[in-house]
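Participant: using only what follows, build the 3D model:
(one chain, ligands or ions: 2)
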Amino acid sequence: MTSAHETPDPTTPPTPRSLTGTRPPTRTRRRAAAVAGLACALTLTAALPVEAAARGGAIPASGAGDPYFPFAGNQGYDVEHYDLDLDFASPVLTAQATLTARATADLNEFHLDYSGPAIEEVEVSGRPADHRREGQELIITPSAPIPAGHVFTVRVRYRGTPETVDDPQLGAHGWIITDDGAVTLNQPDGARSWYPVNDDVRDKATYTFHITTAADMTALANGEPTGPPRVSGDRSTATWVMREPMASYLSMVAIGDFTRTDGTVGGLPHITAYDPAGQETDGELRTVTAEAVQWGQERFGAYPFDSTGGIIDRVGGGYALETQSRPVYDGAPDEATIVHEIAHQWFGDSVTPKTWADIWLNEGFATYAEWLWGESRGGPSAQSVFDEYYATPADDPFWSRKTGDPGREHMFDYQTVYLRGAMALHALRTRIGDADFSALLRAWAEKHRHGNADTGDLLALTRSVAGLSEADAAQWADTWLYTAAKPAEPAAR
Ligand code: TRP
Ligand code: ZN
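Facilitator: Ligands and ions are numbered 1, 2, ... in the order given. Model (predicted):
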């Protein structure tokens, strides 16, 4: 971590989200509604991340160092591929997860993140392995130690009813039962509710999903189907593959009574689905998604995945999620929301933060993409949107947190992270000029494609692409990202 980041005090009680301010009401409804009214006390324990440190000497196995999610991720190996075989007969999931991983240290035991249903069997590279569960950690002891550098497989069989991760500040996430099936929205740490995972944003992997359901249901996931579902009696199995590296928080399956439409946009498969009990069409989703993908390619460079689309379900959580290649919307989205989730494919999904403290790199960029989209289609200029928010008085809670390190319980705060994140980018644009700013967005997407990057990496790029001095870059970051106060000077014109 850079020293600019400060570990939040997890004991600070959450302040109620301010729903006042200057943003248009559709924005309020769109995202802030998700956790509005959830003013319960935070029950996060002031947990220490690295229990293995206490065991002395060994590699700290539990936790990968995220400042907001100390238990998320693990150390000692890298996952290369997840093969998830999921049989769903509501509400019971019968599953087998097979992970292919490479040891990065000698492993006598290793951890996975898992808070899902009862485990029936664990094997490592084909041999039965011991396991135990401690909180959200699944600790596996292979029958023989795994030497550093070796590739191994972990097969976990489990069965039961997954539990949604219900967090007062972060909304319901993970495995979510719907009226007609189930959907997974894993941001930030819900993947562990339905499969054993190295839930570290930096450990991207490819995925295969085999989803078995009643034959009259439809199952979708990230990426592309390998063919039509395989029917066997009254059950059918759909297989989907995500061939590009994916962070676990972006993995998605959606099961239900969907109407699916397949087409293409610029040669890419364009697959959408909607729940006909919730609406009559996904026509607007299809057209706006196609336009946003093409517009994004012009503005940000090559689309990073092999297909696109979107899923409109009736989730009830109140927020949309940028699940890789195919976002999930909770009810019919407005145009700005579609543009936002498609922009995330470049900013968040392909270029992913190194830790959750840098969530503004996702949300500020996706929100700024909405402003750019509006500006490019005859709507208000980004400058005028910026001006509107900049007029917020200095004593308003709008300015009361740090955009570049909002704290775990405020990571989805619409004002602090989304709007002020977009304002920070606009302030940068006015400093370096339109041409260099455009080049910066493209260089960011290109340089860190399918990888991870932090604010320091962005500052480095402002120097190399836009010629900003180190001092000016640092001054911009201090002013717009790391100060919990209204910047004294608005973006110069
Ligand atoms: N990342 C999502 C988006 O911007 C929104 C989101 C995910 C969210 N989880 C949340 C918003 C929890 C509020 C609360 O598209
Ligand atoms: Zn977003």
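Participant: helices along the stretch 301-450 of the chain, start to end?
Facilitator: 335-346, 360-376, 382-390, 420-432, 434-447 (DSSP state H, counting those that start in this stretch).
Participant: nearest to Ala484, out of those?
Facilitator: helix 420-432 (10.3 Å; Cβ to Cβ). No exception for glycine: its C-beta is placed from N, CA and C like everyone else's.
Participant: quick check: residues of the chain near ligand 2?
Facilitator: Glu363, Ala366 (Cβ under 5 Å from the ion).
Participant: one more time with 8 Å
Facilitator: Arg31, Ala320, Glu322, His340, Glu341, His344, Gly348, Asn362, Glu363, Ala366, Thr367, Tyr418 (Cβ under 8 Å from the ion).
Participant: farthest-separated two in these?
Facilitator: Arg31 and Gly348 (14.1 Å).
Participant: tell me the secondary structure at the closest residue to Arg202 other than its chain neighbours.
Facilitator: Once flanking residues are discounted, Arg202 sits nearest to Asn452: 4.9 Å by Cβ to Cβ, 6 or more residues apart in numbering. Here Asn452 is recorded as strand under DSSP: H, G, I helix; E, B strand; the rest coil.
Participant: does Asn452 touch Pro353 like I think?
Facilitator: Yes. Using Cβ atoms under 8 Å, Asn452 is in contact with Pro353, at 6.6 Å.
Participant: any common contacting residues for these two?
Facilitator: Val201 (Cβ atoms under 8 Å, 6 or more residues apart in numbering).
Participant: possible to save the helices of the stretch 301-450 of the chain as JSON lines with mean neighbour count and mean pLDDT?
Facilitator: As requested, these are exported to JSON lines (neighbours: other Cβ atoms under 10 Å; pLDDT from 0 to 100):
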{"stretch": "helix 335-346", "mean neighbour count": "25", "mean pLDDT": "98"}
{"stretch": "helix 360-376", "mean neighbour count": "24", "mean pLDDT": "98"}
{"stretch": "helix 382-390", "mean neighbour count": "18", "mean pLDDT": "97"}
{"stretch": "helix 420-432", "mean neighbour count": "23", "mean pLDDT": "97"}
{"stretch": "helix 434-447", "mean neighbour count": "17", "mean pLDDT": "98"}
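Participant: leaving out the residues flanking it, which one is nearest to Gly331?
Facilitator: The nearest residue in space to Gly331 (Cβ to Cβ, 6+ apart) is Gly278, at 6.3 Å.
Participant: what about the one you found, distance to ligand 2?
Facilitator: 22 Å (Cβ to the ion, to the nearest Å).
Participant: returning to what we had before: now distance to ligand 1 too, for the helices of the stretch 301-450 of the chain, in a markdown table please.
Facilitator: Listed next are those as a markdown table, based on distance: least, Cβ to the nearest ligand atom, whole Å:
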| stretch | distance to ligand 1 |
| --- | --- |
| helix 335-346 | 6 |
| helix 360-376 | 6 |
| helix 382-390 | 17 |
| helix 420-432 | 11 |
| helix 434-447 | 18 |
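Participant: got the ones you listed as TSV, with distance to Asp166 columns?
Facilitator: As requested, the helices of the stretch 301-450 of the chain are exported to TSV (distance: least, Cβ to Cβ, whole Å):
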stretch	distance to Asp166
helix 335-346	23
helix 360-376	22
helix 382-390	32
helix 420-432	26
helix 434-447	34
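Participant: and the residue in the stretch 351-493 of the chain that ligand 1 sits nearest to, how many neighbours does it have?
Facilitator: Proximity of the stretch 351-493 of the chain to ligand 1 (Cβ to the nearest ligand atom) peaks at Phe412, 3.6 Å away. For Phe412, the number of neighbouring residues by other Cβ atoms under 10 Å comes to 22.
Participant: the one 4 residues further on too?
Facilitator: Taking other Cβ under 10 Å as the criterion, the count of residues near Thr416 is 28.
Participant: who's in contact with it?
Facilitator: Per Cβ under 8 Å, 6+ apart, neighbours of Thr416: Phe398, Ser400, Arg401, Lys402, Thr403, Pro406, His410.
Participant: against ligand 2, how distant is the nearest residue in space to it that is not next to it in sequence?
Facilitator: Excluding the flanking residues, the one nearest Thr416 by Cβ to Cβ, 6+ apart is Arg401, at 4.4 Å. Using Cβ to the ion, one gets 17 Å for the distance from Arg401 to ligand 2.
Participant: any weak-confidence spans in this protein?
Facilitator: 1-61, 490-493 (pLDDT under 70).
Participant: again, only using 80
Facilitator: 1-62, 489-493 (pLDDT under 80).
Participant: so what's the residue in the stretch 51-200 of the chain that ligand 2 sits nearest to up against?
Facilitator: For the stretch 51-200 of the chain and ligand 2, the shortest gap (Cβ to the ion) falls at Gln187, measuring 9.0 Å. Applying Cβ under 8 Å, 6+ apart to Gln187 gives the contacts His173, Tyr249, Leu250, Leu321.
Participant: out of those, what pair is the most spread apart?
Facilitator: Farthest pair in the contacts of Gln187, by Cβ to Cβ: His173 and Leu250, 12.1 Å.
Participant: more neighbours: which of the two?
Facilitator: Higher neighbour count among His173 and Leu250: Leu250, with 27 against 23, using other Cβ under 10 Å.
Participant: please look at that one and Thr184 and confirm they touch.
Facilitator: No. Leu250 sits out of contact with Thr184 when judged by Cβ under 8 Å, with a separation of 10.3 Å.
Participant: could you dump the contacts of Thr416 into TSV and include neighbour count?
Facilitator: Shown next, in TSV, are the contacts of Thr416 (neighbours: other Cβ atoms under 10 Å):
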residue	neighbour count
Phe398	23
Ser400	16
Arg401	21
Lys402	23
Thr403	27
Pro406	25
His410	23
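Participant: among these, name the ones in strands.
Facilitator: Among those, no member is found in strands (DSSP state E).
Participant: how much space between the closest residue to Val253 other than its chain neighbours and ligand 2?
Facilitator: Distances taken as Cβ to Cβ, 6+ apart put Ala221 closest to Val253, at 4.7 Å, once the chain neighbours are dropped. The gap separating Ala221 from ligand 2 is 20 Å, by Cβ to the ion.
Participant: for Ala221, grab the count of nearby residues.
Facilitator: Residues near Ala221, counting by other Cβ under 10 Å: 29.
Participant: before we move on, what about Asp395?
Facilitator: 10.
Participant: from Lys486, how far out is it?
Facilitator: To Lys486, Asp395 is 9 Å away according to Cβ to Cβ, to the nearest Å.
Participant: also Pro168?
Facilitator: From Pro168 across to Lys486, the span is 28 Å (Cβ to Cβ).
Participant: cool, and Ile146?
Facilitator: Taken as Cβ to Cβ, the span from Ile146 to Lys486 is 53 Å.
Participant: please say which of the two ends up with more neighbours.
Facilitator: Higher neighbour count among Ile146 and Lys486: Ile146, with 22 against 17, using other Cβ under 10 Å.
Participant: so that one is in contact with Thr104, correct?
Facilitator: No. The pair Ile146 / Thr104 is not scored as a contact, 10.4 Å apart, by Cβ under 8 Å.
Participant: no further questions, thank you.
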